[in-house]
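Trainee: using only what follows, build the 3D model:
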Amino acid sequence: MEQLKSVEDQVRAALELIRPAIQMDGGDIQLDSVKGGTVTVKLFGTCDTCPISPVTLRHGVERILRERVPGITEVVALEV
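Mentor: Numbering: from 1, shown residues only. I've put the predicted structure just below:
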């Protein structure tokens, strides 16, 4: 398997692993930017209005990205 070249590529690949679970609940996630150790995403669909989306973001998305992409320290969501 070809090694991913950039942190952004690694983040995109990890988000593709997470996306099906989010889509099953009627939402979606899109990468906005990677700056330093901070990943900024946009949440769509039911995720945008879901009261527990901050929990999903912190304990799901952020945990997985931190495990899979060296140097990631936090994930924040933009208001759509």
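Trainee: how about the closest residue to residue 39 other than its chain neighbours, secondary structure?
Mentor: With sequence-adjacent residues excluded and distances taken as Cβ to Cβ, 6 or more residues apart in numbering, residue 39 is closest to residue 75, at 4.7 Å. For glycine as for every other residue, the C-beta is placed from the backbone atoms N, C-alpha and C. Residue 75 falls in the strand class when you classify it by DSSP: H, G, I helix; E, B strand; the rest coil.
Trainee: what helix or strand is residue 43 on?
Mentor: Take DSSP states H and E as the rule and residue 43 turns out to sit in strand 38-45.
Trainee: from the contact counts, what lies against the lowest-mean-pLDDT helix or strand in the chain?
Mentor: Ranked by mean pLDDT, DSSP states H and E, the helix or strand of the chain with the weakest confidence is helix 46-49, at a mean of 75. Using 3 or more Cβ pairs under 8 Å, 6 or more residues apart in numbering; DSSP states H and E as the contact test, the elements touching helix 46-49 are strand 27-35.
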